[in-house]
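S.K.: quick one: sequence plus predicted model below, questions after.
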Amino acid sequence: MKKRAEKLEGTRKAFVPAEPRFDFFVSYTRSDERWAEWIAFVLEEAGYKVRLQAWDFQPGSNFVLEMHKAAAGSDRTLIVLSPDFLTSQFTQPEWAVAFAQDPTGAERNLLPVRVALCDPPGLLKTIVYVDLVGLDESGAQEKLLRGVSKERRKPVAKPSFPTSSKPAAPRTGKAPFPRDLPTVWTVPFPPNPCFTGRELLLEELEKALHVQQTPGISQPHSVHGLGGVGKTQLAVEYAWKHHSEYDAVLWVSANSPEAVTANLAALAGSAALNLPEAAASDQSSQVQAVLRWLRENRRWLLILDNADTEEAVQAIRAVLPRVFQGHVLITSRRSNWPIGIRDLPIEVLDVTAAMDFLKERTKSLTFTGSPEILEVVVKELGYLPLALEQAAAYVLRHRIDWQYYLELLSARRKELLAFRSEGGTQYPQSVAATWLVTQQKLSGAAQAVLRLVSFLAPEEVPRRLFTEGEPILSEAVEALEAATSQTGLPAKAGWVDEALAELSDYSLITLNPRSLSCHRLVQAVQELQIPSSSQPQWVAFALRLMEDFAPAQPQDIRTWPVWDVLWPHVERIVHLADRLQIEKPTTDLMNQLGVYFLQRALYPRAERLMRRALAIDEQSYGPHHPKVAIRLNNLAHLLQATNRLAEAEPLMRRALAIDEQSYGPIHPKVAIRLNNLASLLQATNRLAEAEPLMRRALEIDEQSYGPHHPKVAIRLNNLAHLLQATNRLAEAEPLMRRALAILQTSLGPDHPNTQTLRRNLEQLGS
């Protein structure tokens, strides 16, 4: 029996499961993939079985064989009909097979679904298609399902009388409708109705982004060019034009390494992604969550805008996923991009495109000049899109023709030749001419605001900085009027908003509900216009605006949303003020920004600011001034945070000595210095040295605030922890109980500090 069983086993044939049949094979081009997925989703939701390349072709499989199996194993072929489909050489064999099997259309084996305006040529012209062009999602879904059905389409209910309106079909599809914007969309700019002259560049960019050196893996691309040449506009136009190809379009301002990190982290908590890690306390966790999302998803576009510095480039390279299935587009002034990031240069417009832009932009005017005059204008403006936009805004605002505009330009040409960048690079004369001509028509209020804006970072300037700083702005306007013999300080309410609107009218700033931005070249030309003798006065105005607006406690996490936006502006203005040797309030802002960077663990940036603030104050006030003690204390905290305890200790001891000499030995400020030094000594395991300092700090605060003050509770808790570290639990416990009682009375039993102390006491008992 055993041998017979073995013989029977040897003759058994392997079981090969039959390939499953599908109702539809969907044929489409890459540019229509979102349409293909939406159609497939609607069909499967209706009970059909669909074969789709995006869903069913696995990595490592043979593409040609998969296409053959998909076409042969499906009863019908549905083609997503569009201009791209008709011009693709790869889609023709897919529909030709279905047509050959059913040339008369009796079985309806070939079903075209038109999603964009096009006229099917040749044999396809004879096939009736389902037309979704111009329909909303509910209408498209209803028409698609009626179109694929082979059943007679007599309605179940009696049709409504022809004069009544038919109710819209309910929206039931869960896949994103391709005509809608992607669900994840963070592009901050609307489409530009006057965008022109970049059609070939857009096509080149599209091809470049879709080139894959390795199947399924994309490569980052950058577009680079002169400031104001239209890099950001190109990225915006590409995003809007090709939004149907993506499930997510993400926009990140990347003008510094910190901006790259902060703005990537912000995506985690945006309404678009809303990742769980948004609640994480550190930026790195948030950034990693976003990067993981990029690795795990496909068909997304990430735009990194204004990556103009080497540091920003390195930050981008550091965070970009090594392998991803989306598209990365970077805009930058840089041309020397590292290997691994493909680069596409963007130049100024050609003469025809520049003239077409001005014609389109000023078409509301009945007359703006002859073609010959227009050609002279665009030449004078250097064919630069930003300059063209500003010139058009000026002409529209004042309802003048281009001949008069040229006369204005010519009258101020000599003045403009002197404008150069700090590094010696001359900005295009035509750009400076445009801005200067425009500025002559600004009110004194608008000119003053623009001067102050020129000393800040170019992007995300809070509007409240100006609206809440109206008294300081009034002084600035008066100073400008005194220097230029202008008169008439605005007296009506809301004049600051009016000045901002005026600048926006001339395209000198981009104005949003909460912020404004100003092009870097506008800022540079504006700054260079201010006489060197007047620059300290205007930098001082900007400093005062910033000092009044900046939150006073950057170590308080509740102030971080403001500091997150404000720090680039503080950093720039204090740099300018330091260069001009303006002492007040430069070091205070330096110190605040350094503390903010310390809390954000941006240690090198914090240390540079703190050391500079210390050096300025030592020179200004002398080495024994209380302000110097503050700077020493903050720098020591940074050194302690970076584990340089030996460097931190002498700074803390020096700060303690200054405050003891300045305020006396029993002042609360001395208690703070004692406590900080004791904590440092405890960190170096010098507990015996730390204990008397902590006891002295406790005694000072008890005398200063009374025995039941929350500050006393802090000192009690710190001393209890030190005693716990020396295993003197019996001494530590009553101190913690006393601290807890103080906080329960002063802050309440549910306050976070009270709850923390309660947990400390429980851990002590365990």
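M.R.: Everything's here; your move. Residues are numbered from 1 along each chain as shown.

S.K.: where do the strands sit along the stretch 601-750 of the chain?
M.R.: Read by DSSP state E, counting those that start in this stretch, the stretch 601-750 of the chain holds no strands at all.

S.K.: what do you get for the stretch 251-400 of the chain?
M.R.: Using DSSP E, counting those that start in this stretch, strands in the stretch 251-400 of the chain cover 298-305, 325-332, 342-345.

S.K.: which parts of stretch 540-555 are buried?
M.R.: 540-547, 549-550, 554 (16 or more other Cβ atoms under 10 Å). Where you see a C-beta, it was placed from the backbone N, CA and C, and this is true even at glycine.

S.K.: residues making contact with that stretch?
M.R.: The contact list for stretch 540-555 (Cβ atoms under 8 Å, 6 or more residues apart in numbering) reads 452, 455-456, 462, 464-466, 468-469, 472-473, 475-476, 479, 559-560, 562-563, 566, 569-570, 573-574, 577, 582, 585-586, 588-589, 592-593, 595-596, 598-599.

S.K.: mean pLDDT for the strands of the stretch 251-400 of the chain - can I get that in CSV?
M.R.: Output for the strands of the stretch 251-400 of the chain, formatted as CSV (pLDDT from 0 to 100):
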stretch, mean pLDDT
strand 298-305, 89
strand 325-332, 88
strand 342-345, 84
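
S.K.: list the contacts of the closest residue to Ala289 other than its chain neighbours.
M.R.: Distances taken as Cβ to Cβ, 6 or more residues apart in numbering place Glu277 nearest to Ala289, at 3.5 Å, with adjacent residues excluded. Glu277 makes contacts with 268, 285-286, 288-289, as judged by Cβ under 8 Å, 6+ apart.

S.K.: out of the residues you listed, which end up buried?
M.R.: Buried residues within those, counting neighbours by 16+ other Cβ under 10 Å: 268, 286, 288-289.

S.K.: need the max-distance pair from those.
M.R.: Farthest-apart pair in these is Ala268 and Gln288; separation 9.1 Å (Cβ to Cβ).

S.K.: coming back round to it: let's see which of the buried residues of stretch 540-555 end up in helices.
M.R.: Members of those lying in helices (criterion: DSSP state H): 540-547, 549.

S.K.: in CSV: the residues you listed, plus distance to Ala254 and pLDDT.
M.R.: Shown next, in CSV, are those (distance: Cβ to Cβ, whole Å; pLDDT from 0 to 100):
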residue, distance to Ala254, pLDDT
Ala540, 32, 95
Phe541, 30, 96
Ala542, 25, 95
Leu543, 28, 95
Arg544, 31, 95
Leu545, 27, 95
Met546, 24, 95
Glu547, 29, 94
Phe549, 25, 95
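
S.K.: looks like Arg334 contacts Asp308 (just checking).
M.R.: Yes: assessed by Cβ atoms under 8 Å, Arg334 is found in contact with Asp308 at 6.4 Å.

S.K.: how close does the residue nearest to Ala289 get to Arg298?
M.R.: Distance, Glu277 to Arg298, using Cβ to Cβ, to the nearest Å: 21 Å.

S.K.: nearest residue to Glu237 in space, please, no chain neighbours.
M.R.: Nearest-residue entry for Glu237: Phe195, 5.1 Å, with adjacent residues in sequence omitted and distances by Cβ to Cβ, 6+ apart.

S.K.: and the one you found, its phi and psi?
M.R.: phi -60, psi 130 (degrees, to the nearest 10).

S.K.: check Leu111 too.
M.R.: Torsion angles, degrees, to the nearest 10, at Leu111: phi -130, psi 100.

S.K.: that one contacts Asp75, correct?
M.R.: No: applying Cβ under 8 Å as the test, Leu111 and Asp75 come out as separate, 10.6 Å apart.

S.K.: quick one, which of the two is more surrounded?
M.R.: Using other Cβ atoms under 10 Å, the more surrounded residue of Leu111 and Asp75 is Leu111, with 22 against 15.

S.K.: for the more buried one, give its distance to Ile39.
M.R.: Noted for Leu111: a distance of 10 Å to Ile39, by Cβ to Cβ.

S.K.: thinking again about what came up before, nearest to Glu66 among the buried residues of stretch 540-555?
M.R.: Set against Glu66, the nearest of the buried residues of stretch 540-555 by Cβ to Cβ is Pro554 (57.7 Å).

S.K.: what is the neighbour count of the spatially closest residue to that closest one that is not a sequence neighbour?
M.R.: Once flanking residues are discounted, Pro554 sits nearest to Tyr596: 3.8 Å by Cβ to Cβ, 6+ apart. Tyr596 has 26 neighbours, counted by other Cβ under 10 Å.

S.K.: in which helix or strand does Tyr596 reside?
M.R.: helix 586-599 (DSSP states H and E).

S.K.: show me what that helix is packed against.
M.R.: The helices and strands touching helix 586-599, judged by 3 or more Cβ pairs under 8 Å, 6 or more residues apart in numbering; DSSP states H and E, are helix 535-549, helix 560-579, helix 603-621, helix 626-641.

S.K.: okay, the shortest one in PDB with CA atoms only?
M.R.: Coordinates of each C-alpha in helix 535-549 appear next as PDB, following Å, rounded to 0.1, in the frame of the first residue of the first chain:
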ATOM      1  CA  GLN A 535      19.600 104.900   8.500                       C
ATOM      2  CA  PRO A 536      20.200 104.700  12.300                       C
ATOM      3  CA  GLN A 537      17.000 106.600  12.900                       C
ATOM      4  CA  TRP A 538      15.000 104.300  10.700                       C
ATOM      5  CA  VAL A 539      16.500 101.100  12.100                       C
ATOM      6  CA  ALA A 540      15.700 102.500  15.600                       C
ATOM      7  CA  PHE A 541      12.100 102.900  14.500                       C
ATOM      8  CA  ALA A 542      12.000  99.300  13.400                       C
ATOM      9  CA  LEU A 543      13.700  98.100  16.600                       C
ATOM     10  CA  ARG A 544      11.100  99.900  18.700                       C
ATOM     11  CA  LEU A 545       8.200  98.400  16.700                       C
ATOM     12  CA  MET A 546       9.700  94.900  17.200                       C
ATOM     13  CA  GLU A 547      10.400  95.500  20.900                       C
ATOM     14  CA  ASP A 548       6.800  96.500  21.600                       C
ATOM     15  CA  PHE A 549       5.400  93.600  19.600                       C
END
